[in-house]
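Asks: Give me coordinates for this.
(2 chains)
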Amino acid sequence: MTDLSLSNQALASKPASPNQATAFRLPTQWIGVAPFFIFALMFLIFPTIYLVIGAFQNSEGQLTLDNILQLVSDPSISSSYWASIKISFWSAIIGAFAGLAIAIAIVRGGLPSWTRSATLTFSGVASNFAGLPLAFAFLATLGRVGIVTTLLRDVLNINIYAMGFNFLTTSGLIAVYLFFQIPLMVVIIVPAIDGIKKEWGEAAATLGATQWQYWRMVVIPVLWPSFLGTVILLFANAFGAIATAYAFAGPALNIVPIKLYSQINGDVLHNPQLGYAIAFGMIVITGLANVFYIWFRTRSERWLK
Amino acid sequence: MKSGKFWAWVVFVVGAAYFFIPLMATVEFSLRMRRGVHSFDAYQIVLGDPRFQSTFLYSVVAAVFTIILGVLIVVPAAYWIRLRLPQLRPVVEFITLLPLVIPAIVIVFGYIRMYGSNSPLPFLGSNMGANALLVIGYATLALPYMYRAVDTGLRTIDVRTLTEAAQILGAGWGTIIGRVILPNVLIAVLSGAFLTFAIVIGEFTMASLLNRPAFGPYLQNIGANRAYEPAALAIIAFAITWGCMSLIQILSRFAPKSANRPN
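Replies: Take a look at the predicted model:
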């Protein structure tokens, strides 16, 4: 160091630029974030990679595509994927539009202001009210001896179970999942709707836009990215959900997370490597959903410019 | 505009009905245990059940440790990124979003295979190790919420000035984070903590697959074997979630709104 500064007087007399200072301190720079990265690597990234690698290995550790192929060829597995995708997709779509409608109603509908705060408070609670208690609530309501079931039967003479209602169908599960999907949409989309300024509507009206044109050309493009992002989030939310469905039927219900749960617990598929493949498939599907989201968002951002 | 308001009411009322009918029906159902009259029998049985008490206590302790672990990981990282390494922000944000993409069951499956009793890091070889792994798993699940809460809190304070002021007064890094930064973002941290608590308290998948005596597996067991107690438990769980969210709302009233507040 001394040598260097002596050989170049000009440089030595000049105070080190901030850039050099950071370069010199580089090792300590990482101390603050080190716990975070070590934790993320050890307990989030490596376990995931471990499963992904396992999905491409047979029990002797050789590379193979058999596990992945079996996801498609084994009808009980591929049907569980389809059931999960259907439930997650429709509960996300319906939840998103219902949540959007509620959000627009409380923000723009001219309702008294208590409806807004009450809805937001309740949505915060309901979006976190999932899992087993949610299933219990719906069983108490629409189960075979549930309050609403018996009321409908005794008062209106409607037997919903004779009409084919069942929690263990795709539509039954979607109806239950909406209980946390809709509020989650409300919680996320209300701030986005708040972001639409009144002036934009006035500006559009000044330029002669109809209400429909204002929505089509201003509101929808502005809301689109956060709306789509939330749809993806809702999809992943439903896709990984297991406790609610498990409370209805235990391991009998044929959706992917429950299939994986049974496989982890007791190797019901008689091939330990197949569990890795199922987990890999789940990551691929939620990952793909996010790729679509990023793709859509970059497109819509280009539009907004 | 008139019809707009009408439709807004329709949407609001239909939505309210969808959400309130199940809750009211659950309350009603939970009170029906004694034939013919309303009673709190189901609640008394549940609350008096020693397994309820032990599993609930277990989950509360797990939640507290989860919150501590989450704070220890997230606060220094979020602080350091604001102060020194803003270029890492996208990477860290991406990582904190991963638990929303990778389902909990996949994460815990990875743990079971990677940290089994024959692995180099045998978390699952001992009881305490498995408890630790559960807390770690919960901290992973809470990561997106904790990070966002803390980062929002840091945005409202002037991290750089506070740090430099503390350094001039001779504080070391531990003092700066523990006694300057943390108190300033305490409300944000507590918001994240209560949200974490609400997520963790009834969690089923991880606790069940790691074979822990937590509240989630207990709920599942009662749900599979009893009639009225699950409804009472659902109401209790809803009340806990409601309590956590109310505390967050109350706290947010005390939170500073911007870095340049007058005092």
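Asks: what's the distance between the helix or strand hosting residue A:82 and the middle of its chain?
Replies: With elements taken from DSSP states H and E, the one containing residue A:82 is helix A:75-108. Relative to the centre of its chain, helix A:75-108 is centred 10 Å away, using C-alpha atoms, centre = their mean, to the nearest Å.
Asks: pLDDT at residue 134, what is it?
Replies: This is for chain A. As predicted, residue A:134 sits at a pLDDT of 90.
Asks: The chain in question should be chain B.
Replies: 94.
Asks: what's the distance between residue B:59 and chain A?
Replies: Between residue B:59 and chain A the distance is 12 Å, computed by C-beta to the nearest C-beta, to the nearest Å. C-beta: built from backbone N, CA, C; applies to glycine.
Asks: Check residue B:173 too.
Replies: Separation of residue B:173 from chain A (C-beta to the nearest C-beta) stands at 8 Å.
Asks: Next: residue B:79.
Replies: 7 Å.
Asks: next one: residue B:164
Replies: Applying C-beta to the nearest C-beta to residue B:164 and chain A gives a distance of 14 Å.
Asks: cool, and residue B:55?
Replies: Applying C-beta to the nearest C-beta, the value for residue B:55 to chain A is 12 Å.
Asks: dump the residue contacts of that residue.
Replies: B:213-215, B:217-218 (C-beta atoms under 8 Å, 6 or more residues apart in numbering or on different chains).
Asks: Verify the contact between residue B:130 and residue B:123 for me.
Replies: Yes: counting by C-beta atoms under 8 Å, residue B:130 does reach residue B:123; the two are 6.5 Å apart.
Asks: Just want to know which of these two has more residues nearby.
Replies: A direct count of neighbours by other C-beta atoms under 10 Å in any protein chain shown for residue B:130 and residue B:123 places residue B:123 higher, at 22 against 18.
Asks: For the chain, which helix or strand comes out least confident on mean pLDDT?
Replies: Just going to use chain A. Every helix and strand in chain A was compared by mean pLDDT, DSSP states H and E; the lowest is helix A:2-7, with a mean of 42.
Asks: meant chain B, my bad for not saying
Replies: helix B:173-175 (a mean of 83).
Asks: Go ahead and flag the most central residue of chain A.
Replies: Taking C-alpha atoms, centre = their mean, the centroid of chain A lies closest to residue A:233, which sits 2.4 Å from it.
Asks: Name the helix or strand for the nearest residue in space to it that is not next to it in sequence, please.
Replies: In space, and not counting its chain neighbours, residue A:233 is closest to residue B:100: 6.4 Å by C-beta to C-beta, 6 or more residues apart in numbering or on different chains. Assigned by DSSP H and E, residue B:100 belongs to helix B:89-101.
Asks: got a list of contacts for that helix?
Replies: A:33, A:36, A:40, A:44-45, A:233, A:236-237, A:283, A:286-287, A:290, B:77-78, B:81, B:107, B:140-141, B:143-144, B:147-148.
Asks: 7 Å instead?
Replies: Contacts to helix B:89-101, defined as C-beta atoms under 7 Å, 6 or more residues apart in numbering or on different chains, come from residues A:36, A:40, A:44, A:233, A:236, A:286-287, A:290, B:77, B:81, B:140-141, B:143-144, B:147.
Asks: Lowest-confidence entry in these?
Replies: Within the set of these, pLDDT is lowest for residue A:290 (83).
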